[in-house]
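> with the sequence up front, the predicted model follows.
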Amino acid sequence: MVGMRRCVAWAMAAALSAAVGCSDGDSSPDGQDSFDVLDADDETTLDDGVGDTEDAGDTSDTGDTGDTGDDGCTRRTCVDLGPVCGTFDDGCGGTIECLAGCGCTDESWETDCPPRPCETAVGCTGGNCDYAPVTCGASACVCRLASCDEDDLRSCGDELCSGSYCDPAPAFDGGRVTYGNVCRTELSGPCGLCGLGLLAGCDPDAGVFVCDDDHIRNGLGLDPAFVVCDPTSPFYPFVYMDTRYEGDDADGSRERPYATLAAATAGALLRGAHAIIIGGSPVFNERPEFVNGLSVHGGYTGLPDWLPDRSQRPTWSVPASLAEEDRLVGTVIEEITDPTTLSNLTFLTAPLALASSAEGAVNYGLYVRHAPALRLVRILVQPGEAGAGGDGEPGAPGANGAAGANGSNSRCESGGCPPACTSSLSAPGGAGAAATGGDRMTAGGAGGTAGFDSSMNPLPRSGADGSPGGCPVGGGDCTVAQGGMAAAGPGQAGESRSNVPGRPGAPGRPDHSIAVAGEGARWLVPVGRGGTGGTGAAGLGGAGGGSGFGDYHVEGSLGGCQCITGAGGGGGGAGGAGGRGGTGGWPGGWSIGLFAVDSTGLVVRDCEIHGGDGGSGGIGGAGGPGGNGGDGGAPGMAVPPGCGCGVSLDCGRTAGARGGRGGRGQDGGRGGNGAGGTSAATWCVGSTLVVEGATTFLPGEGGPGGRFAGTPDGEPGAQVGLAGNCVAETPAEAAVCNGVDDDIDGACDETAACCQGRTIPYIDACGAEPALECDDPCSAWSLVPPSEVCNGIDDDCDGLMDDGFRAVERHPTFSGDLTPLHSECTSGNAVSTGCNSAVNRWCEGRDCTTTGFGPVEASGDDVTVACLVAPPRITVGYTTLSTFDGRCGTGSGQERAGWYCNRAIHRYCLSQGWGSGFGPVERSDATGEATVVCLPQSMVEWVEVRQQTLEWLVSSCDRDNTNFWTLPCNSAIHRYCWSRGFVSGFGAVEWDGDEVSDRGERRRVLVCIKP
């Protein structure tokens, strides 16, 4: 039998019946045995119902009128009721069957014979009622259990689980028990302990009907055999609650239930009850309070019937307004050491929209701590979305570079020769700005110093080069700012690093730590902040300006001297410091359904526990801007007051040049984006759960990692069902870092830097598509740039085009290669616009090259050219080029290609931010436009060489030749650059003029191409 008594005899627990003064624990004096499982009358049978001489009666003697139960209630007997027939209320919550008044006749049996459990009267024989089983679906309904109580179901058919049943449906009617004998096709309705269970099925193998009342039994902490089921008894262990009851006389009974959990809890504790039964599906927007040893059950219809109904679910929905610090905790259950069951309840929390400056707020649906005796049965937990992580802080700006010092004024002297006008007379150039302060900077070059040699020849001097300083990110080369040429050449500005920011910080990876708070409370702290962006490289220092050109004059036979030095060049400005990297974005908060702390033994049965969606990761902070380069120093005054410049002393070329401005520092890298928050259905800390029945653990979506264009996304949060060794069979996370999620918690190697084999693609600031790849889970993410394509573009954003490939020497022929591409390119016309075009066309698309220049050597039909990779070619009007050198153009007296156009193209490319350029590689007389090739600074190096050096290499590159655009000079330039380790070179792009009287000492600026 399953004990489906709804109005049957009840018994008190022995623990409630003990009284002071009775040595055997009985509540009655010795010699009288009361019903308390103690042999108080010193007989051999416990609670046998037979007393000593003072016993007024016994429970088996229906003629007795004085039988008294353990609760002091005097039961009625059949004698008390008189000659009656049927089953009656005994006045103490039980029933008695009386037969003394039973009798019938053939005429009156239908009214004389009362119905019995699943039996109906069919006639009368010899004054006795005849009964037959009730039929349901044409089948007789009989007891197929081992034995049946008056309210046990009868099976209608040949087997216990027949699918058709008779429910006796006993009910009181004026003290008499009547039986409704209702046919059922489904197993449902109350059953079990005190009628609070739910009939859940039939087990033919065990031969029993299944009653789901374990949660009621286990939650009482009492022996079910001695639970008092009379609702009117002070020992009844249940208190009732229904928010729909509006009376002011609530006492926790079925008829007058409490309306709030707080009132029900107080009432239960006052009377020593062990459980609260809640009717209906009320919703509470507050945090409930549960206490040790007091179970709470939903799943009942409530007033007036209190029938078991699993669709009824009291719900606590905790609002976001109750969030504190960095968390929202929904329901908290702590210190449960006595049997306590919660069943058929729902716990919710609201989503979090809290702004955070650190980790995102964690959303806990149900927080359980120190609760080893707690049982959760048919509990639904659904927390809301966790809070978003805060954004990183921007990096500090880089310091500005200092300005270069001004050059010294020109110096004049007159008088005897000597002591006036000696070679020691000079106008020093300004010092280059120093790299000072804690930020890394690059110094500027010193300005040129003007003076005289021992023969009193004026000596203008070039400015010094700028300091090389930092180099492009990822590259191994950098272009040094070239000092201004003698005779007032300006210093070149230092190279700027501002076009591409520093490397971004590594993206955050979802992880966690456990923080211990007061009284042993533990909380999960999200981990997964993005890394700090890299500090930008310093801009390069500006070069010093060249000094001016002086003059010297001897007057008369007395040898009077007049002289003036050139003005000193200005010092180059220091490069600006790189900006600091932004700090990383913070990780998103976690959303955890059940968080169990130090609660090994916690039972979770037939529950549905969800994790909410994790919070979004924060965005990394912007890198600080690079510092501006310092201004170049001004040149000294060309003609100071008092200088006697006139016919004999030429002061027209004494002006010096300004130093170059320092390059702007590189912006700092943006901080890495934070990881998304994890969604975990259940997370255990020092707890091993007992999982029973059809319990499910369902995580939500992991929060997205922080996202910002040009930086890799933070990793998304994980999705975790059970984690933290919640179940005994779950393997512990391996002590050795192996890149495997050993404990199946959604995070591999919780202390590792990344998960084996993971790759995070992103598009960086210069449009490249590198990736962060986890090659070694025990180290950190490593940058895996995309494959470099031979296209003249820095695909992998490392400061080098085509992985550092720049140029290569090639050997076409005139007849077979170049002349077919342009008819004017022949061995007799090797240096011409026709050959410029032919070489450009021949190199284009050959291997990794896109253009070229030359011929740089030629002998008969054999040609040497330089093919190289360059960015897309630029079309520019000759009118524009003529602004950089007036002798390059399409007008009368202007050249379309040649020495002066070399200089114009070089200066034009510099104005566009490039390092130099050559051409024209194509031209259109109709439109007056030229196609030129500008080269990045990282690809070229300016080299200053004396004219006589070129003559030593190729004698026919003559100093007296006014046209430097010749094959001998091309060859000399090529050989000079090649001897210095370069692939080739072109030029000259700048040169000394007549201001340097010694033509062999005149300087030429060449552009050498790096390999």
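Arrived safely.

> could you use CA atoms for every contact and neighbour count after this?
OK.

> which residues of the stretch 301-450 of the chain score low on pLDDT?
Applying pLDDT under 70 to the stretch 301-450 of the chain flags the ranges 435-440.

> oh, that last question was meant for the stretch 801-950 of the chain, not what I typed.
801-805.

> how about the chain?
Applying pLDDT under 70 to the chain flags residues 1-73, 92-94, 435-440, 459-492, 497-499, 556-559, 646-647, 729-805, 961-962, 994-997.

> break it into its domains for me.
Following automatic domain parsing, one finds the domains of the chain at 14-212, 397-469+477-501+536-584+626-674, 806-1009.

> ranking those domains by burial, who's on top?
domain 397-469+477-501+536-584+626-674 (a mean of 28; mean count of other CA atoms under 10 Å).

> roughly how far apart are the residue lying closest to residue 417 once chain neighbours are set aside and residue 553?
Once flanking residues are discounted, residue 417 sits nearest to residue 561: 5.5 Å by CA to CA, 6 or more residues apart in numbering. Per CA to CA, to the nearest Å, residue 561 is found 6 Å from residue 553.

> please enumerate the strands of the stretch 501-650 of the chain.
Ranges of strands within the stretch 501-650 of the chain are 511-516, 522-527, 551-555, 560-564, 591-597, 603-605, 608-610, based on DSSP state E, counting those that start in this stretch.

> and the third one with strand 560-564, angle?
Put simply, strand 551-555 runs at 170 degrees to strand 560-564, going by axes from the mean of the first three to the mean of the last three CA atoms, to 10 degrees.

> partner strands of strand 551-555 and their direction?
strand 560-564 (antiparallel) (DSSP bridges).

> send the alpha carbons of the partner strand over as CSV?
Extracted C-alpha coordinates of strand 560-564, given in CSV (Å, rounded to 0.1, in the frame of the first residue of the first chain):
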residue,chain,number,x,y,z
GLY,A,560,93.6,94.8,-44.6
CYS,A,561,91.1,92.0,-44.1
GLN,A,562,87.3,91.9,-44.1
CYS,A,563,85.4,88.7,-43.5
ILE,A,564,82.0,87.3,-42.6
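
> re the thing from before, winner for burial among the strands of the stretch 501-650 of the chain?
Of the strands of the stretch 501-650 of the chain, strand 591-597 is the most buried (mean count of other CA under 10 Å), at a mean of 30.

> now that strand against strand 522-527, angle please.
Going by the same axes, to 10 degrees, strand 591-597 makes 140 degrees with strand 522-527.

> could you check how far strand 591-597 is from the centre of its chain?
Chain-centre distance of strand 591-597: 20 Å, with CA atoms, centre = their mean, to the nearest Å.

> so what strands line up beside it?
strand 362-369 (parallel), strand 679-685 (parallel).

> so who does the residue nearest to residue 417 touch?
413, 414, 415, 416, 417, 418, 420, 421, 552, 553, 554, 555 (CA atoms under 8 Å, 6 or more residues apart in numbering).

> part of a strand, is residue 987?
Yes. According to DSSP: H, G, I helix; E, B strand; the rest coil, residue 987 belongs to a strand.

> nearest to residue 993, of the contacts of residue 561?
residue 552 (18.8 Å; CA to CA).
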